[in-house]
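In: Build me a structure from this.
(2 chains)
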Amino acid sequence: MSETEQKVKDIIVEQLGVNPAEVTDAATFDGDLGADSLDIMELVLAFEEAFKDESGKSLEIPDDDAAKIKTVGDAVNYIKEKQGVTT
Amino acid sequence: MSKQCRVVVTGMGVITSIGSDLASFWEGLLEGRRGAGPVTRFDASAYSSRIACEIKDFDGAAYFDRKEMRRMDPSCHYGLAAAQLAVDDSGLALEAIDQYRCGVILGSGIGGIHTFETQHRALLESGPRRVSPFFIPMMIIDMSAGLSAMRFGFKGPNYATVSACASSAHALADAFRTVERGDADVMLSGGTEAPITEAAYAGFCANQALSSRNDDPASASRPFDKDRDGFVMAEGAGMLILESLGHATARNAHIYGEIIGAGMTADAYHMTAPEPDGQGATHAMRIALSSTGIEPQDVSHINSHGTSTGLGDIAETKAIKNVFDGYAKNIAINSTKSMTGHLLGAAGAVEMVAVMKALETGWIPPTVNLDQPDPECDLEYTAHTKRKVDPEVALSNSFGFGGHNITLVARRFHN
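Out: Predicted coordinates for the structure are as follows:
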């Protein structure tokens, strides 16, 4: 598991208060992990605070992008892409 | 007009600096335990006052999972923990209750002020995108009531009262009337406060309400003493289960005591100072008594508002003399704030817990640190040590910034 992937999953465990074993790539936030809309907004904030984009600035996840992130795998891929890391 | 029910207290929970459960709180009050110490919640070195009654032994993990901990302001942590203790103490079978006959009315003076300060800092430092979606729900004063409903499944009347340091006394009065008039069988009521934060503490320093006896915190809260210099801020919560007598006896509940009346007035005088002759407080006590039919000479105990401020303690003393005249000296008055500090919006509820235990056990906790009474405070304040008085009827006074006055009347339970 890459450093980014581990960090994303750690944040999800902490923010949603779920068991690490539940945080699989295919797990959906609103279904499998039981997150409501406020949970997801807060999770996006936590990602923005924890990661930087390609140019070294604090990551910004526009609402339209956030709406497309449905699973843990989506979040990991999105953040890696923004960091300029090829998956 | 619907039926009038007698209203009894069947469960109590407290989270305070002198004890985070009912037994240790009551033991602490009787032995004169003081909760004050140096402020540790933030760096107070630049403040004129640097002391507070902080909770030392609160274990949030005993009540909440990690996510709940993060999603609640400290005022909700204390409030819900005390509520859980009260519900547990009441022995209510939550799976068997009629949910729409059980409600919640709680009070707080400033609610989620910690959350407000944290999120305001995030706004200033990082911009609006960094403000948490939980900012508003964590901050608003009514959230302890809403969360209590979710936790216990109480779907009846649910709201919060706000009247500064009288907030939870007003909550109790409303909860009492709600059960009395038959709108609910069970009401969770009380108050919570978590005000030991940088901005809130600075605000109270600025209006010179706080004691600055920084080198001797244990002696700082000294209601009615001539050397008092302000109150000592405290955090915590007090919660009570108010229940109709019929509902309580049907389930064979333990009954601590009965709430029988309330009187409320406003000073209409000043934003922070009490009306010097205590007229508002006088009328609150008179109205409370007349609503019950109790004669003044039947009152044997008053848990005073007694905050240890210069003006407040004198005005309350005058008010008690106005109401009780020559009989005033026969009443065992105390200020439990001398030990707990001033829990602001939660004070009235914590003090009603103390009153209920006094009615149940017969013991009146002392007013500690009352070494030399102010000449203008010349009543019987139960200085230094507890007294066995076996009170039949007790009053609890609460007053708040804004000029709010409220007196609650409680009686020993007789079937």
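In: which one is whichever residue of chain A sits closest to chain B nearest to, not counting chain neighbours?
Out: Distances between chain A and chain B by CB to the nearest CB are smallest at A:Gly17, namely 3.2 Å. All C-beta spots, glycine's among them, are computed from the backbone N, C-alpha and C. Nearest residue to A:Gly17 in three dimensions, chain neighbours excluded: B:Lys67, at 3.2 Å (CB to CB, 6 or more residues apart in numbering or on different chains).
In: Please apply the same query to A:Ala35.
Out: A:Phe29 is the one closest to A:Ala35 (CB to CB, 6+ apart), at 4.4 Å.
In: That neighbour contacts A:Asp39, correct?
Out: Yes. With contact defined as CB atoms under 8 Å, A:Phe29 reaches A:Asp39; the gap is 7.5 Å.
In: residues shared between the contacts of those two?
Out: Listed as contacting both A:Phe29 and A:Asp39 by CB atoms under 8 Å, 6 or more residues apart in numbering or on different chains are A:Leu16.
In: for chain A, which spans come out with low pLDDT?
Out: A:86-87 (pLDDT under 70).
In: and chain A, which residues reach chain B?
Out: With CB under 8 Å from any CB of the partner chain as the criterion, chain A meets chain B at residues A:14-17, A:38, A:41-42, A:45, A:48-49, A:60.
In: try 10 Å
Out: For chain A, the contact set with chain B under CB under 10 Å from any CB of the partner chain comprises A:13-18, A:34, A:37-46, A:48-49, A:58, A:60-61.
In: Could you count how many residues lie near the residue nearest to A:Ala35?
Out: 20 (other CB atoms under 10 Å in any protein chain shown).
In: for the residue lying farthest from the centre of chain A, helix, strand, or coil?
Out: Distance to the chain centre peaks in chain A at A:Ser55, reaching 19.2 Å (criterion: CA atoms, centre = their mean). Here A:Ser55 is recorded as coil under DSSP: H, G, I helix; E, B strand; the rest coil.
In: Quick check: phi and psi on it?
Out: phi -90, psi 10 (degrees, to the nearest 10).
In: what separates it from A:Glu3, distance-wise?
Out: Taking CB to CB, to the nearest Å as the measure, A:Ser55 falls 19 Å from A:Glu3.
In: ok, now B:Lys321?
Out: According to CB to CB, B:Lys321 and A:Glu3 sit 73 Å apart.
In: How about the residue most central in space within chain A: what's its closest non-neighbour residue?
Out: In chain A, the centroid-proximal residue (CA atoms, centre = their mean) is A:Ala75; its distance is 3.8 Å. Taking CB to CB, 6+ apart, and ignoring the residues beside it in sequence, A:Ala75 has A:Ile69 as its nearest neighbour in space, at 5.1 Å.
In: same thing with B:Ala171?
Out: With CB to CB, 6+ apart, the residue lying closest to B:Ala171 is B:Gly107, at 3.8 Å.
In: Quick one: the helices in the stretch 101-250 of chain B, in order.
Out: B:113-126, B:135-139, B:143-152, B:167-180, B:198-206, B:245-250 (DSSP state H, counting those that start in this stretch).
In: For B:His384, find the nearest of those.
Out: Closest to B:His384 of those is helix B:167-180 (CB to CB; 26.3 Å).
In: average pLDDT for that closest one?
Out: The average pLDDT for helix B:167-180 rounds to 98.
In: Am I right that the residue nearest to the centre of chain A is in contact with A:Glu48?
Out: No. Here A:Ala75 does not reach A:Glu48: they are 11.9 Å apart, not a contact under CB atoms under 10 Å.
In: Quick check: neighbours shared by the two?
Out: Common neighbours of A:Ala75 and A:Glu48, using CB atoms under 10 Å, 6 or more residues apart in numbering or on different chains, are A:61, A:66.
In: Next one: whatever residue of the stretch 251-400 of chain B ends up closest to chain A from B:Gly246, what distance?
Out: Distances between the stretch 251-400 of chain B and chain A by CB to the nearest CB are smallest at B:Gly345, namely 26.2 Å. B:Gly345 sits 31 Å away from B:Gly246, going by CB to CB.
In: Those two: who's more crowded?
Out: B:Gly345 (34 against 12).
In: interface residues of chain B facing chain A?
Out: Residues of chain B lying close to chain A by CB under 10 Å from any CB are B:64-71, B:122, B:126, B:129-134, B:137.
In: mind redoing it with 6 Å?
Out: B:65-67, B:133 (CB under 6 Å from any CB of the partner chain).
In: residue ranges of the strands in the stretch 151-300 of chain B, please?
Out: Assigned strands in the stretch 151-300 of chain B, in chain order: B:158-161, B:186-193, B:236-244, B:257-266, B:299-303 (criterion: DSSP state E, counting those that start in this stretch).
In: Just name the most buried of these.
Out: Ranked by mean neighbour count, these are led by strand B:186-193 with a mean of 34 (mean count of other CB atoms under 10 Å in any protein chain shown).
In: which residues are in contact with that strand?
Out: Strand B:186-193 is contacted by residues B:75, B:78-79, B:83, B:102-109, B:144, B:148, B:167-168, B:171-172, B:175, B:178-179, B:237-240, B:242-243, B:343-346, B:349 when judged by CB atoms under 6 Å, 6 or more residues apart in numbering or on different chains.
In: Can I get that strand in PDB, CA atoms only?
Out: Output in PDB follows, covering the C-alpha atoms of strand B:186-193 (Å, rounded to 0.1, in the frame of the first residue of the first chain):
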ATOM      1  CA  VAL B 186     -41.200  12.000  32.000                       C
ATOM      2  CA  MET B 187     -38.900  15.000  31.300                       C
ATOM      3  CA  LEU B 188     -35.200  15.000  31.200                       C
ATOM      4  CA  SER B 189     -34.200  18.500  32.400                       C
ATOM      5  CA  GLY B 190     -31.100  20.400  33.600                       C
ATOM      6  CA  GLY B 191     -28.200  22.300  32.100                       C
ATOM      7  CA  THR B 192     -24.700  22.100  30.800                       C
ATOM      8  CA  GLU B 193     -21.800  24.500  30.300                       C
END
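In: I figured the residue nearest to B:Ala171 hits B:Tyr159, correct?
Out: No. Counting by CB atoms under 6 Å, B:Gly107 sits too far from B:Tyr159 to count as a contact (9.9 Å).
In: Compute the number of surrounding residues for the residue nearest to A:Ala75.
Out: Count around A:Ile69 with other CB under 10 Å applied: 20.
In: isn't it right up against A:Val76?
Out: No. Using CB under 6 Å, A:Ile69 makes no contact with A:Val76, being 9.7 Å away.
In: The residues of chain A next to chain B in helices, which ones?
Out: A:13-16, A:37-46, A:48-49 (DSSP state H).
In: Buried among those residues? Make that a PyMOL selection.
Out: With 16 or more other CB atoms under 10 Å in any protein chain shown as the criterion, this PyMOL line picks the buried residues out of those:
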select buried, chain A and resi 13+15+16+39+40+41+42+43+44+45+46+48
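In: Out of the ones in helices among the residues of chain A next to chain B, which comes closest to B:Glu380?
Out: For those, the nearest to B:Glu380 is A:Leu38 (53.7 Å; CB to CB).
In: If anything else comes up later, I'll come back, but that's it for now.
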